[in-house]
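have a look at this prediction, sequence included:
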Amino acid sequence: MNWHALSQTKQDRIWSEVNQLIKWKPGSRFHHIIPPDPYRVFDISSGMSSKAGHNDVSRVLSDLETSILKAFQSCTGEQDVIYAFDWQHDGYIFSPHQTMPKDEFGEWPVPVFPNGDYYFFFHQDFSWGLLGDPWKCTITVFGEELLEAVDNDPPILFHISTSKRR
């Protein structure tokens, strides 16, 4: 299987590094995510809209996953790996160049769209990443290489959202 759960020791070490990298204080009333420059914050609240029909939402979320996977693939070599974290749950390591397993809901072990929890993805060297915040309804993309890949083939959700560039 492509996705491998990280040991608790490895997760703790990486979370410590992540919290410093993106200046995140989970559990704080005034939490914020400030990744290194350059980054862009996408408003994804339209993907959570109850006004859109189920088929439209499914299509947009499927497109998000497909576009982000392509971006991950373009930013990694065959031997590179990505860390995937679901806050307060198991963390994983995976290769975007291998088969991507899905659960009974048709999602990756850690989905791209933050549908109730923080979902973070980082290149193995932490030079770029994708940060999903369910409370602010945002996805933050940081790192020049990943931003360029996302710009080359942006997900539909990023077309219909507003973004803040930094």
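Now that the structure is in, tell me what you want to look at. Keep in mind that what you see is a predicted model, and the values were worked out from it rather than measured.

from Gln20, how far off is Pro143?
Quick fix: residue 143 reads Gly, not Pro. For Gly143, the distance to Gln20 equals 16 Å [CB to CB, to the nearest Å]. Yep, even glycine has a C-beta here, placed from its N, CA and C like the rest.

what distance separates the start and the end of stretch 81-89?
19 Å (CA to CA, to the nearest Å).

mind listing residues that contact it?
3, 6, 11, 14-15, 18, 26, 72, 76, 91-96, 108-110, 117-124 (CB atoms under 8 Å, 6 or more residues apart in numbering).

the more surrounded of Gly143 and Gln20?
A direct count of neighbours by other CB atoms under 10 Å for Gly143 and Gln20 places Gly143 higher, at 22 against 9.

how near is the residue nearest to the more buried one when sequence neighbours are not counted to Val150?
Closest residue to Gly143 in three dimensions, ignoring its sequence neighbours and counting by CB to CB, 6 or more residues apart in numbering: Trp128, at 2.5 Å. As for Trp128, its distance to Val150 is 10 Å (criterion: CB to CB).
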